[in-house]
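Colleague: sequence below, structure please.
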Amino acid sequence: MQKNFKCKRCGLCCNPPRLYKPDIERIKKLGYKEQDFIYTDNLNNTYLKDKKEKCMFLKKGKTTSCIIYENRPKICRLYPSELANGSCKPVELAFDKYLKKINNHPTA
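Modeller: Purely as a prediction, here's the structure:
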């Protein structure tokens, strides 16, 4: 996580992240069923389902917020690691491009 980062609550970072077992278990404890929030790609990787290419748990309004913030996935807790040109938008890594290509599904 970058030091001195201040969230502007713009929602640019809220793309459906990859999920790991502890993430899935935390979200299930909130009462969500796996089939309601998990997308599995052709490599059997799990991601949060999206809503209009944004995380399904993103609540938009005057500012954006995460409705599962206290139980959000680990990758969300570690954000940001690297940002593009001082904006809130994360840098797209080569692996992200590879996943998009093989899955034909946005991951970042």
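Colleague: mind listing the helices for this protein?
Modeller: For the chain, the helices defined by DSSP state H occupy 21-29, 34-37, 74-78, 94-103.
Colleague: give the buried residues for the third one.
Modeller: Within helix 74-78, the residues that qualify as buried by neighbour count (16 or more other CB atoms under 10 Å) are residue 76. For the C-beta atoms, the positions are set from N, CA and C on the backbone; glycine is no exception.
Colleague: ok, residues contacting it?
Modeller: 1, 17, 18, 20, 22, 23, 66 (CB atoms under 8 Å, 6 or more residues apart in numbering).
Colleague: test for you: state the pLDDT assigned to the last one.
Modeller: In this case it means residue 66. For residue 66, the pLDDT comes out at 91.
Colleague: I'd guessed it sits against residue 55; true?
Modeller: Yes - assessed by CB atoms under 8 Å, residue 66 is found in contact with residue 55 at 7.5 Å.
Colleague: mutual contacts of these two, please.
Modeller: residue 14.
Colleague: and those two? which has more neighbours close in?
Modeller: residue 55 (25 against 17; other CB atoms under 10 Å).
Colleague: so what's that one closest to, chain neighbours aside?
Modeller: Leaving out its chain neighbours, the residue that sits closest to residue 55 by CB to CB, 6 or more residues apart in numbering is residue 14, at 4.5 Å.
Colleague: now do residue 36
Modeller: Nearest one to residue 36, counting by CB to CB, 6+ apart, is residue 49 at 7.7 Å.
Colleague: alright, that wraps it up for me.
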